[in-house]
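In: A predicted structure for the sequence below; I have some questions about it.
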Amino acid sequence: MWFQENEGAKFWLQVLSDLKQRGVQDILIACVDGLKGFPDAIEAVFPRPGCRRASCISFATACGSCPRREREQVARDLKPIYTAIDADSA
């Protein structure tokens, strides 16, 4: 467990480096929240993972950018996309 007053890409680079030193050999998928530099930090230590923005963050961004009166409908319309089993289904 790591504690830091302010999180940033530099902090996560240290965490990931520590994990690698402790024996983690690979990360298959990294789900990130849009923190600038975080994907670069991950790929500096574990070059193979695919970094994806967390779907809840993307969902909130999409709903937050539409008028308040339309958010419920937009959320209903987006749900099948975010719950699809693959990209083709979405």
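Out: Good, I have the coordinates. Numbering: from 1, shown residues only.
In: Every contact and neighbour count from this point should use C-alpha atoms.
Out: Will do.
In: Spell out the residue ranges of the helices in the protein.
Out: 9-21, 38-45, 55-64, 71-82 (DSSP state H).
In: which one is residue 41 nearest to, not counting chain neighbours?
Out: residue 13 (5.0 Å; C-alpha to C-alpha, 6 or more residues apart in numbering).
In: Kindly report the same for residue 4.
Out: Closest residue to residue 4 in three dimensions, ignoring its sequence neighbours and counting by C-alpha to C-alpha, 6+ apart: residue 11, at 7.7 Å.
In: what's the neighbour count on the one you found?
Out: Residue 11 has 16 neighbouring residues, counting by other C-alpha atoms under 10 Å.
In: follow-up on the earlier one: ranking the helices of the chain by burial, who's on top?
Out: Comparing the helices of the chain by mean neighbour count (mean count of other C-alpha atoms under 10 Å), helix 38-45 ranks first with a mean of 19.
In: Next, count neighbours for residue 88.
Out: For residue 88, using other C-alpha under 10 Å, the count is 7.
In: What pLDDT does the model give it?
Out: If you check residue 88, the pLDDT there is 83.
In: Could you report the distance from it to residue 30?
Out: Relative to residue 30, residue 88 is positioned 21 Å away (C-alpha to C-alpha, to the nearest Å).
In: go on, residue 39?
Out: 8 Å.
In: now do residue 63
Out: Distance, residue 63 to residue 30, using C-alpha to C-alpha: 23 Å.
In: do residue 12 as well
Out: On the measure of C-alpha to C-alpha, residue 12 and residue 30 end up 12 Å apart.
In: overlap in contacts of those two?
Out: Common contacts of residue 12 and residue 30 (C-alpha atoms under 8 Å, 6 or more residues apart in numbering): residue 42.
In: Just want the most central residue of this structure.
Out: When C-alpha atoms, centre = their mean is applied to the chain, the residue found nearest the centroid is residue 32 (2.0 Å).
In: I'd guessed it sits against residue 41; true?
Out: No - applying C-alpha atoms under 8 Å, one finds residue 32 not in contact with residue 41, separated by 11.2 Å.
In: any residues in contact with both of those two?
Out: Joint contacts of residue 32 and residue 41 (C-alpha under 8 Å, 6+ apart) do not exist.
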